[in-house]
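Asker: Predicted model and sequence follow; I will ask about them next.
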Amino acid sequence: MSLPEPVPQPEFHRPLIIGRIGVGHAETLIASEAECAALAQRMGLPAITALRCSFTLVPTGKSGFTADGRLKARVLQTCVVSLEDFAADIDDVFRVQFVPAVRLAAAADMATVDDPDSEDEVPYHGTTMDLGEAAAEQLALVLDPYPRAPDAVHPAAEPADDQPPHPFAGLGRLRKTP
């Protein structure tokens with residue numbers, strides 16, 4: 001009988017014990033250099049130079065919590081046009097709903113239609129939620145999948161001189177003019 005493999009700890013782990021929330025709780029997280037480097041590697045970025053996320057949590061329902069947050073980050077991204085790295089500032093306001101993982105799993109088993117306007121649901125296990133992982137997920141959601149440097153110039157869409165003309169290029173000459 002072998003022992004189960006340990007679950008790896010997230011790069012930006014900031015556990016919050018639910019009992020500390022009470023009627024409301026505010027928490028600000030700042031990632032260290034090592035955490036920023038690990039998150040950059042996870043997200044395929046050249047670098048994350050700063051990451052700060054503030055949460056205001058309030059209980060909702062029996063065991064859920066609504067978190068209003070603000071994420072500020074400075075990331076280095078690779079331009080899809082020039083392939084040069086450039087710095088981008090991120091400032092995002094968001095709202096997520098923390099729900100027990102068992103409740104989220106039960107809801108996934110039922111046939112439901114997702115409401116695109118509803119808050120994202122983040123599962124938590126036991127009596128602890130990971131605010132750092134929620135911040136990392138939010139950062140991943142707001143990153144531009146096709147980043148373009150502000151000064152990037154898109155290459156011309158004209159064919160190169162050494163390429164033959166388009167096969168239908170001469171059709172315009174055949175058009176009858178009145």
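Answerer: Yep, that arrived.
Asker: for stretch 30-44, which positions count as buried?
Answerer: Ala31, Glu35, Cys36, Ala37, Ala38, Leu39, Ala40 (16 or more other Cβ atoms under 10 Å). Glycine gets a C-beta too; all of them are placed from N, C-alpha and C.
Asker: Quick check: mean pLDDT of that stretch?
Answerer: Stretch 30-44 shows a mean pLDDT of 97.
Asker: Could you list the alpha-carbon positions for it in PDB?
Answerer: Output of stretch 30-44 as PDB, limited to C-alpha atoms (Å, rounded to 0.1, in the frame of the first residue of the first chain):
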ATOM      1  CA  ILE A  30       1.200  41.300  -1.300                       C
ATOM      2  CA  ALA A  31       3.200  38.700  -3.200                       C
ATOM      3  CA  SER A  32       6.900  38.300  -2.400                       C
ATOM      4  CA  GLU A  33       9.600  38.200  -5.200                       C
ATOM      5  CA  ALA A  34       9.700  34.400  -5.100                       C
ATOM      6  CA  GLU A  35       5.900  34.100  -5.200                       C
ATOM      7  CA  CYS A  36       5.800  36.500  -8.200                       C
ATOM      8  CA  ALA A  37       8.500  34.500 -10.000                       C
ATOM      9  CA  ALA A  38       6.600  31.200  -9.400                       C
ATOM     10  CA  LEU A  39       3.300  32.700 -10.600                       C
ATOM     11  CA  ALA A  40       5.000  34.100 -13.700                       C
ATOM     12  CA  GLN A  41       6.300  30.700 -14.500                       C
ATOM     13  CA  ARG A  42       2.900  29.100 -13.900                       C
ATOM     14  CA  MET A  43       1.200  31.700 -16.200                       C
ATOM     15  CA  GLY A  44       3.800  31.700 -18.900                       C
END
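Asker: Could I have the CA atoms of the helix or strand encompassing Leu51 written out in CSV?
Answerer: Leu51 is part of strand 47-60, with elements assigned from DSSP states H and E. In CSV, the C-alpha atoms belonging to strand 47-60 read as follows (Å, rounded to 0.1, in the frame of the first residue of the first chain):
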residue,chain,number,x,y,z
ALA,A,47,7.9,38.2,-15.1
ILE,A,48,5.5,39.5,-12.6
THR,A,49,7.2,42.4,-10.8
ALA,A,50,4.4,43.3,-8.4
LEU,A,51,1.2,41.8,-7.2
ARG,A,52,-1.2,43.2,-4.6
CYS,A,53,-4.8,42.1,-3.9
SER,A,54,-7.3,43.5,-1.4
PHE,A,55,-10.4,41.5,-0.3
THR,A,56,-13.4,42.6,1.7
LEU,A,57,-15.4,39.4,2.7
VAL,A,58,-18.9,39.2,4.1
PRO,A,59,-20.9,36.0,4.9
THR,A,60,-23.8,35.1,2.6
